[in-house]
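**Student:** Have a look at this prediction, sequence included:
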Amino acid sequence: MSEFSGVDLVVPASPLRFMRAKSRRRRGKDRLWPPLIPIGLFVFLALFGPYLVPFNPVSTNITSRLLPPGSMVNGSIAWLGTDQVGRDMLGEVIAGARLTLIMAVATIIVAGVLGIALGLIAGYFGRWVDNVIMRLADLQLAFPGLLLAILIAGVLGPSVRNIVISLAITRWVTFARLARSSAISVRKRDYVSAAQLLGASHIRILGRYLLPASVPSLLVLVTVEVGSVILAAASLSYLGLGVPPSQVDWGSTIANGSDYLLSAWWIATMPGIALAGLVLSVSVLGDKLQARFAAATGR
């Protein structure tokens, strides 16, 4: 009788099979479509919602004020109820989504262009140029971002343009520091040195070699910053430093509904749910992008 009789032999599976299974599990965790679905819904509502559910921010209907969700108003259903002056909350939330996304995208574009340009210049040239730009960034970081935005918005006054300016001034530093670190890690590589020896201009080296190397990290940073910008814009509007009364966004709607939490909870709750859902979706997308880029680079 064999000495191995009655003993179960465990044959190890192929390492390649384990690696494939691990890769499949990682790809499953890093799928981008779950957060992209709600983000795409918000973008669709921002683009086409005002045409589907028209909304006038200065109109009033006192006879239909403070109606709960599902009430009938002039032969139509107010799915999310009405606010303190009789405006349809569904149209108000959709209009707020449009303005909120416009402010967030504009802020990211302004802050990103300014910060990336200054960061690449600081990391590429170094020396006194780097010292001047980074000391300016350190000086700004000494002030809390939201307090600095409140100060700037209070001086400039309430408007969409002023919100974008205020938030862009407080956000460019993050882009600059990331672009600088990427430029420092790339500027000494062989292909950059070869381009310098061939007489390539500084602008060409910055745009052709240094900027593409920082794109993956910047994409992750953009998704993170979009969420924080949306929250900051809503905070400014909640404090009365955001959009003027002739416009509406989620922060101002939440502020208007804070006095009616006991009698008309839906005024503040509905835009609050939309705000939380959008910020959470963008944050999850940023985490998944970061995990995917980390897996691609082996970090």
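**Tutor:** Nice, thanks for sending it over. Numbers count the residues shown, from 1 in each chain.

**Student:** which helices and strands does the helix or strand hosting Leu101 pack with?
**Tutor:** Using DSSP states H and E, Leu101 falls within helix 89-125. Helix 89-125 sits against helix 33-52, helix 127-141, helix 160-186, helix 202-205, helix 211-238, helix 250-257, helix 266-297, with contacts defined as 3 or more C-beta pairs under 8 Å, 6 or more residues apart in numbering; DSSP states H and E. (Glycine included, C-beta is placed from N, CA and C.)

**Student:** Return the most buried member of these.
**Tutor:** helix 250-257 (a mean of 24; mean count of other C-beta atoms under 10 Å).

**Student:** quick one, what contacts the nearest residue to Leu241 once chain neighbours are set aside?
**Tutor:** Leaving out its chain neighbours, the residue that sits closest to Leu241 by C-beta to C-beta, 6 or more residues apart in numbering is Ala153, at 4.2 Å. Shown in contact with Ala153 (C-beta atoms under 8 Å, 6 or more residues apart in numbering): Asn162, Ile163, Ser166, Leu236, Leu241, Gly242.

**Student:** which SSE is Ala153 in?
**Tutor:** Per DSSP H and E: Ala153 is located in helix 145-156.

**Student:** Between helix 160-186 and that helix, find me the angle.
**Tutor:** With axes from the mean of the first three to the mean of the last three C-alpha atoms, to 10 degrees defining the directions, helix 145-156 sits at 140 degrees from helix 160-186.

**Student:** Flag every buried residue along helix 145-156.
**Tutor:** Gly145, Leu146, Leu148, Ala149, Ile150, Ile152, Ala153 (16 or more other C-beta atoms under 10 Å).

**Student:** which one of those sits closest to Ser193?
**Tutor:** Distances from Ser193 to the buried residues of helix 145-156, taken as C-beta to C-beta, are shortest for Gly145 (37.7 Å).

**Student:** list the contacts for the residue nearest to that closest one when sequence neighbours are not counted?
**Tutor:** In space, and not counting its chain neighbours, Gly145 is closest to Thr170: 4.3 Å by C-beta to C-beta, 6+ apart. Applying C-beta under 8 Å, 6+ apart, we find Thr170 in contact with Gln140, Gly145, Leu146, Leu148, Ala149, Ile152, Ala232.

**Student:** rewinding a little: take the contacts of Ala153 and lay them out in a markdown table including pLDDT and distance to Ala97.
**Tutor:** As requested, the contacts of Ala153 are exported to a markdown table (pLDDT from 0 to 100; distance: C-beta to C-beta, whole Å):
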| residue | pLDDT | distance to Ala97 |
| --- | --- | --- |
| Asn162 | 92 | 20 |
| Ile163 | 93 | 16 |
| Ser166 | 93 | 21 |
| Leu236 | 92 | 17 |
| Leu241 | 88 | 20 |
| Gly242 | 85 | 15 |
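
**Student:** related to what we said a few turns ago, widest-spaced pair of the buried residues of helix 145-156?
**Tutor:** Among the buried residues of helix 145-156, the pair separated by the greatest distance (C-beta to C-beta) is Gly145 and Ala153, at 12.2 Å.

**Student:** Low-confidence stretches in the stretch 51-200 of the chain?
**Tutor:** Applying pLDDT under 70 to the stretch 51-200 of the chain flags no residue at all.

**Student:** Relative to Asn131, how far out is the residue lying closest to Ala213 once chain neighbours are set aside?
**Tutor:** Distance criterion C-beta to C-beta, 6+ apart; nearest residue to Ala213, sequence neighbours excluded, is Val186 at 4.6 Å. Separation of Val186 from Asn131 (C-beta to C-beta, to the nearest Å): 20 Å.

**Student:** burial measure for Arg189, as a count.
**Tutor:** Neighbour count of Arg189, defined by other C-beta atoms under 10 Å: 13.

**Student:** ok, the residue lying closest to Leu289 once chain neighbours are set aside to Val186 distance?
**Tutor:** Spatially, and ignoring its direct neighbours in sequence, Leu289 is nearest to Val220 (4.9 Å; C-beta to C-beta, 6+ apart). Relative to Val186, Val220 is positioned 17 Å away (C-beta to C-beta).
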